Each structure stands twice: as structure tokens, then as C-alpha cells.
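> The sequence isn't on hand, but the structure is:
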């Protein structure tokens, strides 16, 4: 029986038992008076209080049955009676089984949490590796683009130098020895 149902059953008994004993005391006193009128009213009160007490008893019995905490011979122990050694041992065994089940459940939850954390850590590590690979590939692309751009710039610069070098030689119908020497130099040697 869980604590809440036990507490509610004890409170109900504490409220009903004094009223029940009071009603029984009034019945006895009415029998001693011998009045038929008072006897019928007290009998009605007694019946009402007994039915209320029966309601509480049946609620406690149902609570015991629903919790599954009845003793081994099938009879439920009432809250006021002391437990026998066998019932006490059974209750201890049940508590230990519940604690063992709770410990097992907690251990399984802890193991599942650790597995989840390991899986999450592995996932983070894989994502970090993928990000590092992506950064390295992006850097390679940038480097390759920079190398290609530098080659194009170097080729363009060389072509411009060559054009400026070749522009030194202008062929005319009449050329001086110096102009002829410059043209020979331009055609035989690369641009400087």
C-alpha cells in the first residue's frame, strides 16, 4: 500500500471509529432506558454509523487489493494489528524487490544515458571532422584559385612586357643602324 492511501485510510478510520463507538454507546444506553422511541432513533443512528464504517472498511480492503500488498495467505492486515514475523519478512522481501527493481531501472537508465552521451560525442566528433575536412577542401579550392589567378596575372604581365619589348622595333622603309640593331635584339632575345 502506498503512503498516500495508507494515510487516507488511517484518517478515515480515526474519524469513523470514535463516531462508531459513540453510536454503540448510545445504543446500549437506549436499551437501558427501555423507551421504544429512543431505541428506534438510536438503532437508526447505529445502522448509519455502521454502514459508514463498512464503507471505510471496504475502501481500505479495496485499497489493499489494488496495491497488491496482501499477506501471503490472502488476508489483508488491518492497520491496527501488529504484523507477524512472516508478514514482516514478506513486506521486507517485497520492499527489497522493489528497491532492486528501482536500482535496476536506474542502472538501465544511467547506462542508456551514457550510451546516448557516447553516441552524441561520437556524432559531435564526426561533425567536427567533417567540418575540418570541409574547411581544408575550401582552403585547397581557394589556394588553387589563387594559384590560377597568379598564373593568369603573370602571363598577362609577360604578354604586356613582350608587347612593350616588341614595340621598340618599328620597321620602316629607311632605318638607321641603331634601329636595325634594336630590331635584331628584339627578335633574337626574350623580353626583359
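Noted; the coordinates are in hand. All figures in this text were calculated on a predicted structure; none of them were measured in a lab.
> alpha carbons only for contacts and neighbour counts from here, please
Will do.
> What about residue 165, how many residues nearby?
Number of residues near residue 165 (other Cα atoms under 10 Å) recorded here: 19.
> That one and residue 183: what is the separation?
Look at residue 165 and residue 183: by Cα to Cα, to the nearest Å, they are 10 Å apart.
> repeat for residue 148
Per Cα to Cα, residue 148 is found 34 Å from residue 183.
> Name the surrounding residues that touch stretch 162-173.
179, 182, 183, 186, 187, 190, 191, 192 (Cα atoms under 8 Å, 6 or more residues apart in numbering).
> Give me the buried positions along that stretch.
165, 166, 169 (16 or more other Cα atoms under 10 Å).
> for that stretch, what is the average pLDDT?
Stretch 162-173 shows a mean pLDDT of 87.
> Filter the contacts of stretch 162-173 down to the buried ones.
Buried subset of the contacts of stretch 162-173 (neighbour count, 16+ other Cα under 10 Å): 179, 182, 183, 186, 191.
> Just say helix, strand or coil for the third one.
I take that to be residue 183. Classification of residue 183 using DSSP: H, G, I helix; E, B strand; the rest coil returns helix.
> pull the helix or strand with minimum mean pLDDT from the protein.
helix 36-67 (a mean of 49; mean pLDDT, DSSP states H and E).
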